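1. next come a sequence and a model predicted from it.
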Protein chains: 2
Amino acid sequence: MDTIKLTLEYDGTAYAGWQRQPDQPTVQSVLEKVLAQITQTSLSTMAAGRTDAGVHALGQVVSFRSEKAMTVSEWRRALNGLLPRDIAVQAIEVAPENFHPRYNAIGKIYEYQILNSPYRSALNHHRVWHIPKPLDVAAMDLASNFFLGKHDFSSFQCSPTDNENPLCLIERCAVTHKSPLLVITIQADRFLKQMVRTMVGTLVEVGQGHRMPSDIKGILQRADRRSAGKTAPPHGLYLVKVLF
Amino acid sequence: MDTIKLTLEYDGTAYAGWQRQPDQPTVQSVLEKVLAQITQTSLSTMAAGRTDAGVHALGQVVSFRSEKAMTVSEWRRALNGLLPRDIAVQAIEVAPENFHPRYNAIGKIYEYQILNSPYRSALNHHRVWHIPKPLDVAAMDLASNFFLGKHDFSSFQCSPTDNENPLCLIERCAVTHKSPLLVITIQADRFLKQMVRTMVGTLVEVGQGHRMPSDIKGILQRADRRSAGKTAPPHGLYLVKVLF
């Protein structure tokens, strides 16, 4: 019995997110269907992060256990041969028996891409959030610093909450500007539901002049979803890397 | 009567190329339909290059003449509001009355993207040519130099030929390697039909060791399509810039 660890890239446009759902195309259900085809058994997979509908991944990490005697390159050929074109395995390895992509992860890196230009993009229409009016990037950069450290992120959690531990340690929150593209990179030990998208939506409101950079401090303290900004759309978001 | 010059970005995946065709979705027919909607008259457009089915553009240049009294930003809003998501205007200006995007162009820049990795890409599946086995990039780079200068490109022209002047001046032909991505940039005063894709297909055969870099010289001299390599697929090709 091998525990296989996959690094997965996917274009989330066509999927109702990672997690298996009845009557909806999800990345997990497509992957499990292909694994059943390869192994002729029913397998269940675990992922490091449950990405929402429309969210992309460059480095989602998934694991499963199989009795099939296959080498890593046989797995690669079989999976990338059978998976649809918008899902692709980027790395495969045999992991220790008890490897769990979520419990063993010590952090994750997400990136959010904003196209800040009066002109929208044709080639990246489902991959960036297009904001036509100029954003104050310096203010957003300043605001992003207030997220650093360990805070209660209840204000940035989608309601209804999962009622779990709201404390997250933000190790990196940076705004990179390569005009007309603006990339917000966030690294944390853990993320709550829709947390990155709510952080981005709030940072954008700072960039639009509707909030001050230092407002982030008070929003965190209030621990109330209503105090933060709107949730940014899913199609600008990428799960970039899972850290172990 | 204004002559309007548009710079157009498009994802060619869904289109049978630039040029208007009966019963086929093309970029030109979609654009002309939208222009008819805006101006309430029938307009015809001209483009700098007729891109093939599946070929993308970052900087296609298109012109048309209109009596509609509209400012440049009104045109932008109207066009980008009505065009489908995979076609977007990137710049608009009023051009001199006799401006013609093809006759006035002094050159064009094309880029061809190859993903040289055992792993295919999910997010870029319709945007790069995926070649799993390692290519000899140094050999391809050497070979690309033999294209520089003015040559008869009959060997790199799709048959049946248009029977026009086969002489093209290649001002730049460079292979850039940022593993796993390989970008071939070609700038010329003019291009024959499927010329870039045949040049790329031939360079790839050099990278696979099936041809020597110096073979390019003889292929050009033979002026016979059968002496060159296979035509590379369209979805890795981008019309990047038109030079005036």
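-> Sure, I can see it.
2. where does chain A come near chain B, residue by residue?
-> Residues of chain A lying close to chain B (Cβ under 8 Å from any Cβ of the partner chain) are A:8-11, A:56, A:58, A:73, A:76, A:80, A:85-91, A:118-123, A:125-127. Yep, even glycine has a C-beta here, placed from its N, CA and C like the rest.
3. ok, 7 Å please
-> Neighbours of chain B within chain A, by Cβ under 7 Å from any Cβ of the partner chain: A:9-11, A:56, A:76, A:80, A:85-90, A:118-123, A:125.
4. those, buried ones only, as a ChimeraX selection?
-> Selection command for ChimeraX covering only the buried members of those, criterion 16 or more other Cβ atoms under 10 Å in any protein chain shown:
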select /A:9,10,11,56,76,80,86,87,88,89,90,119,120,121,122,123,125
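5. residue with max distance from the center of chain A?
-> A:Ala69 (32.0 Å; Cα atoms, centre = their mean).
6. how far away is that residue from chain B?
-> With distances taken as Cβ to the nearest Cβ, to the nearest Å, A:Ala69 is found 21 Å from chain B.
7. ditto for A:Ala16
-> If you go by Cβ to the nearest Cβ, the gap between A:Ala16 and chain B works out to 17 Å.
8. so what's the residue count around the closest residue to that residue other than its chain neighbours?
-> Nearest residue to A:Ala16, sequence neighbours excluded (Cβ to Cβ, 6 or more residues apart in numbering or on different chains): A:Gln24, at 3.9 Å. Using other Cβ atoms under 10 Å in any protein chain shown, A:Gln24 has 12 other residues around it.
9. what about A:Gln24, distance to chain B?
-> 19 Å.
10. could you do A:Pro213 as well?
-> 31 Å.
11. correct me, but that residue touches A:Ala139?
-> Yes - between A:Pro213 and A:Ala139 there is a contact under Cβ atoms under 7 Å: 5.3 Å.
12. mutual contacts of these two, please.
-> A:Val206 (Cβ atoms under 7 Å, 6 or more residues apart in numbering or on different chains).
13. look at the residue nearest to A:Ala16 and report its pLDDT.
-> Per-residue confidence at A:Gln24 stands at 92 (pLDDT).
14. quick check: phi and psi at it.
-> Dihedral pair for A:Gln24: phi -130, psi 140, per degrees, to the nearest 10.
15. hmm, back to that, tell me the contacts of the residue farthest from the centre of chain A?
-> By Cβ under 7 Å, 6+ apart, A:Ala69 has no neighbours at all.
16. same thing with A:Leu142?
-> Applying Cβ under 7 Å, 6+ apart to A:Leu142 gives the contacts A:Pro213.
17. can you check the one 5 residues further on too?
-> Applying Cβ under 7 Å, 6+ apart, one finds that A:Phe147 lies in contact with A:Ile170, A:Cys173, A:Met199, A:Ile216.
18. so after the strand or helix carrying the first one, what's the next helix or strand?
-> A:Ile170 belongs to strand A:167-178 when elements are defined using DSSP states H and E. On the C-terminal side of strand A:167-178, the closest following helix or strand by DSSP H and E is strand A:181-188.
19. can I get the next helix or strand after that following strand in PDB, CA atoms only?
-> Sequence-wise, the next helix or strand downstream of strand A:181-188 (DSSP H and E) is helix A:195-207. Provided in PDB are the C-alpha atoms of helix A:195-207 (Å, rounded to 0.1, in the frame of the first residue of the first chain):
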ATOM      1  CA  MET A 195     -10.300  34.700   4.100                       C
ATOM      2  CA  VAL A 196      -7.900  35.700   1.300                       C
ATOM      3  CA  ARG A 197     -10.800  37.000  -0.900                       C
ATOM      4  CA  THR A 198     -12.100  39.100   2.000                       C
ATOM      5  CA  MET A 199      -8.600  40.400   2.800                       C
ATOM      6  CA  VAL A 200      -8.200  41.300  -0.900                       C
ATOM      7  CA  GLY A 201     -11.600  42.900  -1.100                       C
ATOM      8  CA  THR A 202     -10.800  45.100   1.900                       C
ATOM      9  CA  LEU A 203      -7.300  46.000   0.600                       C
ATOM     10  CA  VAL A 204      -9.000  47.100  -2.700                       C
ATOM     11  CA  GLU A 205     -11.300  49.400  -0.700                       C
ATOM     12  CA  VAL A 206      -8.200  50.900   0.800                       C
ATOM     13  CA  GLY A 207      -6.800  51.300  -2.700                       C
END
